[in-house]
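S.K.: Sequence and predicted model, in that order:
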Amino acid sequence: MSKKVIVIGSGPGGYPAALRLKELGADVSIAEAWDFGGTCLNRGCIPSKAFLDTGHRVHAFEGLRKLLKDGSGVNFSPDMLDWEKVKARRADVVFKLRTSLEKLFQAKRIEILRGRAAFSSPGEVTITGPGGETKRNFDAAILAAGTRPAFPPPFRDYRERLSDSDTIFGLPRLPRSLLIVGGGVIGLEFACFFNSIGVKVEVLELLPDILAGEDPQVTRAVRSSFEKRGVRFHLGKKTERLEFSGGLKAAVLEDGARLEAEEILVGAGRAADLTGMGLESIGLAWDRKGVKVDAGMRTAVPGVYAVGDVNGISLLAHSASRQGEIAAENIMGASLAFDDSIVPRCVYAWPEVGSVGLNKAQAEAKGLQVKTSRSFYLGIGKAVATDETEGFAQLVFDAADETVLGAQLVGGPATELVHLIALAVKLRLKKKELREIIYAHPTMAEAVHEALLK
């Protein structure tokens, strides 16, 4: 008799888990309270990339302008964009992908339960949806309920009057000015997009710098690029209160400074909210970081697993997908563990950022003696030919035996190239072995090769 497994949440943690369980012969049901595909597909990764693609097209056109004939009559400017069409394109992308995913589940004969799932007792889940209550018994359950946008104080007191990373896609009109709270990946990607289409953008960050935890070379390069394009940063600044007057929203800082904009976007990360999911009925504790799990995604309750943002290990869609697969395998008898040392960390703005493994400071904090080598796109033929010379490739090695420990890539297709280094870290390749790969010419990947020659 096959195992009965319920997956709660259909995002990038839940749906790969369900698909893998089905492949392994389990009887699988998946419950979703919102749109199928979860936050990533509907309100996160995918729609934000559709927005960024629009911004990148504007950015590319600005680069093309200098090649046009004098008097050509082309007078395009960002304010000519139709905001409703930009939103409609985003919605169309999301709809196509969500529909495709739902059809895949139907083809695989995986039961989709529409409604909010809650544990009603050990071994049982109740799904409350449009048609009433549905109960499902299970041998194992995977909690993949994701997170909600976090609102730190004092912004939480004004939540209904502010935008967040879920609601920003539905703004009724394009603001002329935007204050973004948070200098992490979420904040920077939206800053990049809105700046590119002509919105005045300022970024407010409580910490001393953007992209917390990244190598200083990375943060310096990204911040400098944004500032050259007109984005203004307010770093190490604490907000005392918010004020609303005359169609403007203002953050009043502790030092008395006042930052005004037509719209405020709170992009200060995400937090777990498992209220109403019945975790107390099975004795499973949680906090704003989520549910604690071991490396195999097992919670403290036998048979219950937690994957993705809800366990707080790595709030990234690709981490969630791998964790979902690991949980599925382990439910069916395997003994796999999640390796967070090879998780790529990506920023999809321009310049792109792709990091993996350890940077210099992180390696030294572990007691390792390290050395780094760096090359710049200014010296790469493909980069010069395509006018993408902003950025660099920086590699980190163990000084003792030149094992690849990590890399920080800025510019070019950094979010694609980072996988090369992730593989090197996974296989514990040496600098010499990575050099022996033949890098096609001309490619942006030659930046990695040039860094290896240093």
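M.R.: Sure, I can see it. All values derive from a computational prediction rather than experimental measurement.
S.K.: any low-confidence regions in the protein?
M.R.: 1, 73 (pLDDT under 70).
S.K.: and residue 112, what helix or strand is that in?
M.R.: Per DSSP states H and E, residue 112 falls inside strand 111-114.
S.K.: same question but for residue 84, I mixed them up
M.R.: helix 83-107.
S.K.: wait, residue 47 sits on residue 95?
M.R.: No. Using C-beta atoms under 8 Å, residue 47 is not in contact with residue 95, being 10.7 Å away. Any C-beta I mention is one placed from the backbone N, CA and C, and that applies to glycine too.
S.K.: Those two: who's more crowded?
M.R.: residue 47 (24 against 12; other C-beta atoms under 10 Å).
S.K.: And what about the more buried one, helix, strand or coil?
M.R.: Put simply, residue 47 is helix when judged by DSSP: H, G, I helix; E, B strand; the rest coil.
S.K.: how about the closest residue in space to residue 375 that isn't next to it in sequence, secondary structure?
M.R.: Distance criterion C-beta to C-beta, 6 or more residues apart in numbering; nearest residue to residue 375, sequence neighbours excluded, is residue 450 at 3.5 Å. For residue 450, the assignment made with three-state DSSP gives helix.
S.K.: Residue 422 now?
M.R.: Applying three-state DSSP: residue 422 is helix.
S.K.: Apart from its chain neighbours, what residue comes closest to residue 406?
M.R.: Residue 406 sits nearest to residue 357 (C-beta to C-beta, 6+ apart), 2.5 Å away.
S.K.: Settle this for me: the one you found is touching residue 403, isn't it.
M.R.: No. With contact defined as C-beta under 8 Å, residue 357 does not reach residue 403; the gap is 10.3 Å.
S.K.: residues touching the residue nearest to residue 406, list them.
M.R.: Contact partners of residue 357, counting by C-beta atoms under 8 Å, 6 or more residues apart in numbering, are 341, 342, 396, 404, 405, 406, 407, 421, 422, 425.
S.K.: how's the protein carved up into domains?
M.R.: Split into domains by automatic domain parsing, the chain comes to 4-54+82-147+272-338, 155-268, 342-452.
S.K.: Just put those domains in a markdown table and tack on distance to residue 70.
M.R.: Listed next are those as a markdown table, based on distance: least, C-beta to C-beta, whole Å:
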| stretch | distance to residue 70 |
| --- | --- |
| domain 4-54+82-147+272-338 | 28 |
| domain 155-268 | 24 |
| domain 342-452 | 20 |
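S.K.: Nearest to residue 75, out of those domains?
M.R.: domain 155-268 (14.0 Å; C-beta to C-beta).
S.K.: Work out the gap between the closest one and the centre of the chain.
M.R.: The chain centroid and the centroid of domain 155-268 are separated by 17 Å under C-alpha atoms, centre = their mean, to the nearest Å.
S.K.: Start and end of it, how far apart?
M.R.: 10 Å (C-alpha to C-alpha, to the nearest Å).
S.K.: count of neighbours near residue 123?
M.R.: Count around residue 123 with other C-beta under 10 Å applied: 17.
S.K.: Make residue 1 into 806 and carry on from there
M.R.: Sure, I'll start numbering at 806, so the last one becomes residue 928.
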